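Just a sequence and a predicted model for now, questions to come.
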Amino acid sequence: MRLAIDVRRLPWVSRLAADYAFDFPKLARFYPGDPARPDAWADAIRRTQAFPRDRSALAGAIAAQQTRRGAPAEALAAAARLADARAVAVVTGQQAGLFGGPLYTLLKALTAVKLAARAAADHGVPAVAVFWVESEDHDWQEVSSCGVFDGEMNRRAISLGTPPGAGESPVSSVLLDPSILAAIDGLRATLPATEFTGATLDALSRAYRPGAGMSEAFCTWLESLLGRLGLVVYDSAEPATKPLAAGLFSRELEAPATARLALAQGRALVELGYHAQVVPHEDAVALFALDGTRQPIRSRDGAFLVGDRLVPAGDLVALARAHPERFSPNVLLRPVVQDALFPTVCYVAGPSELAYQGELGPVYERFGVPQPLVAPRATATLLDSAASKFLAKHDVALEALQPDDEAALNRLLEGQLPKEIEEAHAGAAQAVEGGMARLIDALPLIDATLAGAARSSLGRMQHDLRALHEKIVQAAKRRDETLRRQFARTRALAFPDGHPQERSIGFVSFLNRYGPALVDRLHDELPLDAGAHWVLTP
C-alpha cells in the first residue's frame, strides 16, 4: 500500500509548512529559492561552488572520523568527493538520539540521499548526502530515550541512566556507562520477537557499548545502515574543523547581531500570520562556550556574561580566534557554520527547522555565506498489512484516528448498523418532525401561544431520538468487538499515545519488524513530494 495524503488535511502540519509546499510565493521573501524549481537548484549550485572554503581540510577530517568508525567503502568514497571544487552537498541533521532516534531521523537521511542523487543526475555535478550530527547539544533528556512498540502495540520508552556529565556537557563528550546494557536488555524484552531481532540487537550492541561516546554510537549505527547508500555522517564536535569556523565565531563576538536579525525576521513572519520558531533574547550571542560544560553567552555592557561569569569582550574574541574548539554555535548560527564548512546546495528540514530557516536569511547575508535551498523532509506513517486493509476496507482517513476520542469509531460503527435500523430510525425522526410541524401549523386555530410548547415538545422528542440512536451505536460497539479492536490497534500503530508515529517511535522498532531491507524499500518507494504525507506498507 502506498497512499498520499495532502498535508493540508493534517492537523499537526503548520500553516507555514503547508504554504511552503503549495503556495511558495507567500513565503518567497524568507527563503533563497523554491526547491521545486530546477532553476533554483542551478542558482544554488553556482552560489555554493563560488564560496571559498577549505574543502581538503573538511574531507580529511571526515575521513578520519569514518576510519575510526569503520565506515562502509561507499561512504568513504562519497566523503572524498567533497574535496572536488565542483562538488555540492545535500545536508540534513539531528541530535544523537538513542538507538538512532525517531523514524523521522531515517526519513531525513533518506530524503537527503535521494535529493543528492537527483541533483547529480539533473545538474551534472558531484553531489554528496551529509548527515550533520548535532552532538554539541547538552539536552540529555531529549536524546536519552527511545520509544518502541511492544507486542501489544503499546508505546514503551527505553531510557538510559545519567552517565557523568550528562545534562551539562555536550553529548559528544558523554561516555555510555553500563546502563546502556540495561537499555539493550530492555529493548530485547520489549520488542516482539521476529526473525530480525537477534541481528538488529547485535548490530546495536556493536555501536552502543559501555565506554563508547553517545554521539560516536549514534554515528556508527546510522553509518552502518546508510553508509552503503553513500551517506556521509559527520559528528559536528570534530575539533579539526573548528578552525574553519573561527572567523564566524570571532565575528559574532565582535558585533553580536544574529539574535537581533533573526528576531526581526520572526516578527515579519508573525505579521503575515505565521509563527516564529525561535524567539531569542536581544542580548543573546549565538554561541556557547565549552569548558567541560556548555555555557550560554550574553552581551553585558561591553563585556560578555558566560554562564554567570563576566568576561571582557576582547578576551573572549581572542579566545575564539586562538581556540575555536572552545565554542559551539547555537541553533541560529549552526546552519551558517554548517554551510560555510560544507558546499551545501540544499538543507533537508523537519517542520521546526523549516520554520527557523525562514528567520535566517539576513544572518546568512551578514556573514557572507550563501544560504542553501530548504527542502522539507519526507513524511510517512508505516502500517502493517492488517492496518492498511482496515483503513482501505472501511474507508477511514488516517488523520481521523488521531483524536483521543471515539468519534471516528462511532461514525464507523454507524456505517455498520443494519440498513433496516438506520432506515427505521430515520423514518421515525421524519415522522415525528413532519407530524409536529403540521400540529404547530394548526395550533393557531385554537391558541397561537401553544406553538411554543409544541416546539419544546418537538425538541425533547428529537433529543430522545438522538439518545436512542447513541444507545443503538453503543450496543453495536458491544456486539462488534472485532471491529473495535481493529480500530484501536490501527490507531495505536499510526498515532501512539495520540502523536504521529514518525515523531514518537524509534526506527529501530521497524527494523526489528521488517529487517534491514526496510531501508532499501523506503529508499526505493518513498517519493520526494513536499505536499504529501505517505502511508506505506513495507
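Yes, it's here.

In stretch 279-292, which residues are buried?
If you call a residue buried by 16 or more other CB atoms under 10 Å, then stretch 279-292 has these buried ones: 280, 284, 285, 286, 287, 288, 289, 290. Placement of C-beta: from N, CA and C, glycine included.

With stretch 75-92 instead?
Residues of stretch 75-92 classed as buried: 75-76, 78-83, 87-92 (neighbour count, 16+ other CB under 10 Å).

for that stretch, how far is the first residue from the last?
From its first residue to its last, stretch 75-92 covers 15 Å (CA to CA, to the nearest Å).

and it, what's its mean pLDDT?
Summarised as a single mean, pLDDT over stretch 75-92 is 98.

same deal with stretch 59-66?
On average, stretch 59-66 scores 98.

which residues are contacting it?
Applying CB atoms under 8 Å, 6 or more residues apart in numbering, the contact partners of stretch 59-66 are 75-76, 79-80, 82-83, 219, 223, 232-235, 238, 240-241.

and what of stretch 500-510?
Contact with stretch 500-510 is made by 12, 97-107, 146-149, 155, 187, 191, 200, 204, 379-382, 402, 493-497, 518, 538, as judged by CB under 8 Å, 6+ apart.

Using CSV, write out every CA atom in it.
Written as CSV, here are the backbone C-alpha positions of stretch 500-510 (Å, rounded to 0.1, in the frame of the first residue of the first chain):
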residue,chain,number,x,y,z
PRO,A,500,2.3,11.0,14.8
GLN,A,501,4.2,7.7,14.6
GLU,A,502,7.2,9.2,12.9
ARG,A,503,7.8,11.5,15.8
SER,A,504,7.3,9.1,18.7
ILE,A,505,8.6,5.7,17.6
GLY,A,506,12.3,4.9,17.0
PHE,A,507,13.1,3.4,13.7
VAL,A,508,14.8,0.5,15.4
SER,A,509,11.2,-0.7,16.1
PHE,A,510,10.6,-1.0,12.4
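
now it: how far from the chain's centre is it?
For stretch 500-510, the separation from the chain centroid amounts to 11 Å (computed by CA atoms, centre = their mean, to the nearest Å).

partners of residue 328 in the sheet?
residue 288 (DSSP bridges).

count of neighbours near it?
Applying other CB atoms under 10 Å, we find 27 residues neighbouring residue 328.

what are the ranges of the helices in the stretch 101-250 of the chain?
All helices of the stretch 101-250 of the chain, identified by DSSP state H, counting those that start in this stretch, fall at 103-123, 140-143, 179-190, 197-207, 214-226, 246-254.

Need the winner for burial among those helices.
Compared across the helices of the stretch 101-250 of the chain, helix 214-226 shows the largest average neighbour count, a mean of 24 (mean count of other CB atoms under 10 Å).

Packing partners of that helix?
Under the contact criterion of 3 or more CB pairs under 8 Å, 6 or more residues apart in numbering; DSSP states H and E, helix 214-226 touches helix 55-69, helix 103-123, strand 127-134, helix 197-207, strand 231-235.

export that helix as CSV, just CAs?
C-alpha atoms of helix 214-226 as CSV (Å, rounded to 0.1, in the frame of the first residue of the first chain):
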residue,chain,number,x,y,z
MET,A,214,26.9,8.7,22.9
SER,A,215,27.4,10.6,19.6
GLU,A,216,30.0,8.1,18.4
ALA,A,217,27.5,5.3,18.9
PHE,A,218,24.8,7.2,17.0
CYS,A,219,27.2,7.9,14.1
THR,A,220,28.3,4.3,14.0
TRP,A,221,24.8,3.0,14.0
LEU,A,222,23.5,5.4,11.3
GLU,A,223,26.5,4.8,9.2
SER,A,224,26.1,1.0,9.4
LEU,A,225,22.6,1.3,7.9
LEU,A,226,23.0,4.1,5.4
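
Okay, now the unreliable bits of this protein?
The chain contains residues with pLDDT under 70 at 415-417, 421-422, 476-479.

So which residue of it lies furthest out from the middle?
Seen from the C-alpha centroid of the chain, the residue lying at the greatest distance (CA atoms, centre = their mean) is residue 446, 69.4 Å away.

Would you list the phi and psi of that residue?
Backbone torsions of residue 446, given as degrees, to the nearest 10, read phi -110, psi -60.

any idea how far residue 278 is from it?
From residue 446 over to residue 278 the distance is 72 Å, taken as CB to CB, to the nearest Å.

do the same with residue 313
Residue 313 sits 24 Å away from residue 278, going by CB to CB.

Could you do residue 4 as well?
31 Å.

Mind giving me the packing neighbours of the helix or strand that contains residue 474?
Assigned by DSSP states H and E, residue 474 falls within helix 450-479. Here helix 450-479 touches helix 407-416, helix 419-442, going by 3+ CB pairs under 8 Å, 6+ apart.

what about it, distance to the chain center?
Offset of helix 450-479 from its chain centre (CA atoms, centre = their mean): 46 Å.

got it, and stretch 86-105?
10 Å.

cool, stretch 241-259 as well?
Centre-to-centre, stretch 241-259 and its host chain are 28 Å apart (CA atoms, centre = their mean).

what's it in contact with?
53-54, 57-58, 61, 280-287, 297, 299, 304, 313, 316-317, 320-321, 324-325, 327, 329, 332-333, 336-337, 340-341, 363, 366-367, 369.

end-to-end on that stretch?
Span of stretch 241-259 from end to end, CA to CA: 24 Å.

Excluding chain neighbours, what is closest to the spatially most central residue of the chain?
Closest to where the C-alpha atoms of the chain average out (CA atoms, centre = their mean) is residue 350, at 4.5 Å. Nearest residue to residue 350, sequence neighbours excluded (CB to CB, 6 or more residues apart in numbering): residue 377, at 5.6 Å.

Any idea how many residues pack against the one you found?
Applying other CB under 10 Å, we find 25 residues neighbouring residue 377.

Just to check, it is in contact with residue 92?
Yes. Here residue 377 reaches residue 92: they are 6.9 Å apart, a contact under CB atoms under 8 Å.

overlap in contacts of the two?
Taking CB under 8 Å, 6+ apart as the contact rule, residue 377 and residue 92 both touch 108, 111, 348, 349.

what sits against the first one?
Okay, so that is residue 108. Applying CB under 8 Å, 6+ apart, the residues near residue 108 are 92, 93, 94, 131, 348, 350, 377, 378.

what sits against the third one?
Meaning residue 94. Residue 94 neighbours (CB under 8 Å, 6+ apart): 101, 105, 108, 131, 133, 134.

Partner strands of the helix or strand hosting it, with direction?
According to DSSP H and E, residue 94 maps onto strand 88-95. Using DSSP bridges, the strands paired with strand 88-95 in its sheet are strand 127-134 (parallel), strand 344-349 (parallel).

what's the most buried one of those?
Of those, strand 344-349 is the most buried (mean count of other CB under 10 Å), at a mean of 28.
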